[in-house]
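**Q** Generate coordinates for the sequence data below:
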Amino acid sequence: MRKKNPRKNVFFERLDKNVFSQKKILRRLFFLLVLFLIFYLYFVGDYGFLRLLSLKKEKDSLILETKKLQAQNMDSEMEIGKLKEDLFYIEKVARERYGMAKEDELIYKFIQPQDNSSTPFPEETK
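**A** Sure thing, here's the model as predicted:
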């Protein structure tokens, strides 16, 4: 019978240990890669948590803007109805917006004096 060389056994043992440690490192790297991928998809991706939060904020702001525009639309429709039917409202709008007046009616415009308090009055000469 042949004797086994103890050096070969040591070599193979070391080789097995190196292969085992490399497999262990590769498993860890694969696990970290999977964790990173899950993290990316959950938080950062197109359907991620952060994207969904920003879309929710945008949706809320669009709903608020829609409500404001609907209120403006209702106000405009009410004003159109008044302008079609209410003669007193038509007269009020004509006077206020367009400065119109009835015949033989005088219009007075009051002009506010400008505030010149920062500049001194010219001194009177004696």
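**Q** which SS class is M100?
**A** coil (DSSP: H, G, I helix; E, B strand; the rest coil).
**Q** What pLDDT does the model give it?
**A** pLDDT for M100: 88.
**Q** The host helix or strand of L37: what's the following helix or strand?
**A** Using DSSP states H and E, the element containing L37 is helix 6-39. Downstream of helix 6-39, the first helix or strand assigned by DSSP H and E is helix 49-85.
**Q** residues contacting F88?
**A** By C-beta atoms under 8 Å, 6 or more residues apart in numbering, no residues touch F88. The C-beta positions use only the backbone N, C-alpha and C, and glycine is treated the same way.
**Q** Tell me the pLDDT of it.
**A** 94.
**Q** Could you do F11 as well?
**A** Predicted confidence (pLDDT) for F11: 65.
**Q** same check, this time on R97
**A** Looking at R97, its pLDDT stands at 90.
**Q** One more: the one 10 residues further on?
**A** At I107, the predicted lDDT confidence score is 78.
**Q** In stretch 105-112, which residues are buried?
**A** For stretch 105-112, burial by neighbour count (16 or more other C-beta atoms under 10 Å) applies to no residue.
**Q** Can you list the neighbours in contact with that stretch?
**A** Contacts of stretch 105-112 (C-beta under 8 Å, 6+ apart): 99, 101.
**Q** how long is it from one end to the other?
**A** One end of stretch 105-112 to the other measures 23 Å (C-alpha to C-alpha, to the nearest Å).
**Q** Quick one: residues contacting K23.
**A** Here K23 is in contact with no residue (C-beta under 8 Å, 6+ apart).
**Q** gap between it and F36?
**A** 20 Å (C-beta to C-beta, to the nearest Å).
**Q** Same check on L64?
**A** Relative to F36, and taking C-beta to C-beta, L64 is found at 38 Å.
**Q** And I25, by the same measure?
**A** In this view, I25 and F36 are 16 Å apart by C-beta to C-beta.
**Q** L41: neighbouring residues, count only.
**A** For L41, the count of nearby residues is 13 (other C-beta atoms under 10 Å).
**Q** Do you know the pLDDT at the nearest residue to it once chain neighbours are set aside?
**A** Nearest non-adjacent residue to L41, counting by C-beta to C-beta, 6 or more residues apart in numbering: G48, 6.5 Å away. With respect to pLDDT, G48 has a value of 82.
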